[in-house]
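K.L.:
Quick check, what structure comes out for this input:
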Amino acid sequence: MNQNQAKVISIDFDHAWVEIPRRVAACGNCQSKENCQTGLLGIESDVRRYRLLNDINARVGDTVELCTANGTLLRASFVSYLLPTLLALGGAGTGQFFANDAGALFGTLAGLALGVLWLRRTERIGNSKTPLLSIRHLSLS
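P.N.:
As a prediction, this is how the structure comes out:
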């Protein structure tokens, strides 16, 4: 599980806005945390903010842990990038087989559209089951 400390900056009904400063190490085991470029989600910006379900009743100013389960980012990347690409290529090949170049174009567009629709559906289902990111109280050890 990847974890980073974050600070709650505001509460929005049942969600909390958390903030992570730049260059936070991806894990607590690194000896060069200040120089780490592989922070959680690898986003390059001064401050990263996320709106997350506040199921721990955190308050503004609390320091919490922002967590992602192992393999979550890899699965999300696969679903978001590889699957639509494969559907587009499959559509292009099928279209090419049946109707030459025009069919390949139509098949590619149909494959991409199917991929986008599938992603939107799974996003709604996935967000209701297990979110990509979650927060928990900071455990001092």
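K.L.:
Residue 9: what secondary structure?
P.N.:
Recorded secondary structure, residue 9: strand (DSSP: H, G, I helix; E, B strand; the rest coil).
K.L.:
Could you verify my assumption that it touches residue 20?
P.N.:
No: the pair residue 9 / residue 20 is not scored as a contact, 10.5 Å apart, by Cβ atoms under 8 Å. Where C-beta positions appear, they are placed from N, C-alpha and C, glycine not excepted.
K.L.:
overlap in contacts of those two?
P.N.:
The overlap between the contact sets of residue 9 and residue 20 (Cβ atoms under 8 Å, 6 or more residues apart in numbering) consists of residue 49.
K.L.:
Please identify which of those two sits among more neighbours.
P.N.:
Each of residue 9 and residue 20 had its neighbours counted (other Cβ atoms under 10 Å), and the higher figure belongs to residue 20 (20 against 14).
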